[in-house]
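J.: Structure for the following, please:
(one chain, ligands or ions: 1)
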Amino acid sequence: MIRRQRLAALLIGPGMFAAMAMGQQPGSVPVMPGAHAPAGPGAAIPGVRGPALRVAVSIAPLEGLVKPLLPEGSSVTVLVPPGRSEHGYEFTPAELAALAQADLVVYVGLNLEPKVAAIIERHDSPGQRVVCFAEAAGIRDEAGGAGREGPGGHAHEGHEGHGGEEEDGRIDPHLWLDPSLCEKLVPSVAAQVKAGLAAKGAGDAAGTVDAAAAAMEAKIRETDEAWRAALAPFAGRAIVTHHDAFSRPAERYGLKVAAVVRPIETADPSPAQLVGVIEAIRREHVLTLFVEPQFNAKAAERIGQAAQINIAKLDPLGDGDWFKMMKGNLEALTNGLGEK
Ligand SMILES: [Zn+2]
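T.: Now for the predicted structure:
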């Protein structure tokens, strides 16, 4: 049973889309002492010793996953600026320069940032180290390729078209929204940080990187456990999201993505697609439509009004603090999924 559907209470705050308009330079954030001291339960992540590294990451969540593994004074440049979608973003010359100059580049792969992958290949800078998240997590994009889900990969349980593998064979690149995959990223980043420090004559700092990595992995596992516990009462419940970013966490934690507002991330939905979303909302008894701050909310609002459901926010990128992003999204989900 679901409770009576209510008229859309448009919960979108006034500041929510302000970031969209900001045409910012790539944000290079210095690593400050204690800057990545984690909030919430668990021990603080111990600091890393050694000379500063210049790091470039493609999207904001990677900043939060990488920064705790870097020595004080290191800089992390996020290539896709705040408020912009990770899909179809054209990098500026300044962003490409930051990429070329970085000691370490961390990107997702699976064709999410084809330009980054192409530049890394072409650039072939001897001192530059590179971590591809998909590779670190054992996920490949070749159809039929081995190990695409890696060891312990999860089963597909009736979530047709949603989850790691799409119906058209496309592999969902939103790896950073699945804590289990983020945990697999950490050792690969730590290994490249250690190699980078060794190249600068600070090989003796490796132990501090290992300690930080172990603490990060533990903290990511806590996030995984928090999601599992909080979403267990909602098993089987369906949601609608703005674009297809949340299939992996939905599958891992027992939810179903009934439809997405923007099936093609870089294009506005057609009227027929909007009607399809409304039909899916009714068919799957969806209570809440989740919009994302990187997209215009107009179409989603029209759907919300037509289907008379709530609108809330999920943020697939956040502001660079991965733990904060995951916490906010979990709260939004548990609030939006209705009564237990
Ligand atoms: Zn996406």
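
J.: pull the longest helix from this protein.
T.: helix 206-231 (DSSP state H).

J.: buried residues in that one?
T.: Neighbour-count burial for helix 206-231, with 16 or more other C-beta atoms under 10 Å as criterion, is recorded at 206, 208-210, 212-213, 215-217, 219-220, 222-224, 226-227, 231. Glycine gets a C-beta too; all of them are placed from N, C-alpha and C.

J.: just checking, Ala259 is part of a helix?
T.: No. Ala259 is assigned strand when assessed by DSSP: H, G, I helix; E, B strand; the rest coil, not a helix.

J.: gap between it and Asp103?
T.: Distance, Ala259 to Asp103, by C-beta to C-beta, to the nearest Å: 42 Å.

J.: do Leu314 as well
T.: In terms of C-beta to C-beta, Leu314 sits 33 Å off from Asp103.

J.: before we move on, what about Ile239?
T.: Ile239 is 40 Å from Asp103, by C-beta to C-beta.

J.: ok, now Pro249?
T.: Distance from Pro249 to Asp103, by C-beta to C-beta: 31 Å.

J.: Could I get the average pLDDT for stretch 171-182?
T.: Stretch 171-182 shows a mean pLDDT of 97.

J.: Give me the residues contacting that stretch.
T.: 59, 61-62, 65, 108-112, 133-134, 137, 139-141, 148, 163-166, 185, 220-221, 223-224, 227, 244-249, 252, 316, 322, 326, 329 (C-beta atoms under 8 Å, 6 or more residues apart in numbering).

J.: Can you select the buried ones among the residues you listed for me in PyMOL?
T.: Buried residues among those (16+ other C-beta under 10 Å), as a PyMOL selection:
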select buried, resi 59+61+62+65+108+109+110+112+133+134+137+139+140+148+163+164+165+185+220+223+224+227+244+245+246+247+248+249+252+316+322+326+329
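
J.: secondary structure class for the residue most central in space within the chain?
T.: When C-alpha atoms, centre = their mean is applied to the chain, the residue found nearest the centroid is Trp176 (3.7 Å). Following three-state DSSP, Trp176 is assigned to helix.

J.: separation between it and Val106?
T.: In terms of C-beta to C-beta, Trp176 sits 10 Å off from Val106.

J.: Which residues are in contact with each of these two?
T.: Joint contacts of Trp176 and Val106 (C-beta under 8 Å, 6+ apart) are Leu62, Leu65, Phe133.

J.: which residue packs closest to the first one, ignoring adjacent ones?
T.: In this case it means Leu62. Using C-beta to C-beta, 6 or more residues apart in numbering and skipping residues adjacent in sequence, the residue nearest Leu62 is Val106, 5.1 Å away.

J.: Likewise for Pro316?
T.: Using C-beta to C-beta, 6+ apart, the nearest residue to Pro316 is Ala245, at 4.0 Å.

J.: Next one, pLDDT for that neighbour please.
T.: pLDDT, Ala245: 98.

J.: and it, what does it touch?
T.: Contact partners of Ala245, counting by C-beta under 8 Å, 6+ apart, are His174, Leu177, Glu292, Leu314, Pro316.

J.: Can you turn the buried part of the residues you listed into a PyMOL selection?
T.: Those of these that count as buried under 16+ other C-beta under 10 Å are selected in PyMOL with:
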select buried, resi 174+177+292+314+316
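
J.: Need the contacts of Ala245 in CSV (columns: distance to Glu90).
T.: As requested, these are exported to CSV (distance: C-beta to C-beta, whole Å):
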residue, distance to Glu90
His174, 20
Leu177, 23
Glu292, 19
Leu314, 25
Pro316, 19
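
J.: Kindly indicate which of the contacts of Ala245 lies nearest Ala94.
T.: Pro316 (24.1 Å; C-beta to C-beta).

J.: In a strand, that closest one, correct?
T.: No. Counting by three-state DSSP, Pro316 is not part of a strand but coil.

J.: My guess is it contacts Val291. True?
T.: No. Counting by C-beta atoms under 8 Å, Pro316 stays clear of Val291, with 11.1 Å between them.

J.: can you pull the buried residues of the strand or helix carrying Leu274?
T.: Leu274 is part of helix 271-283 when elements are defined by DSSP states H and E. Across helix 271-283, burial judged by 16+ other C-beta under 10 Å covers Gln273, Leu274, Val277, Ile278, Ala280, Ile281.
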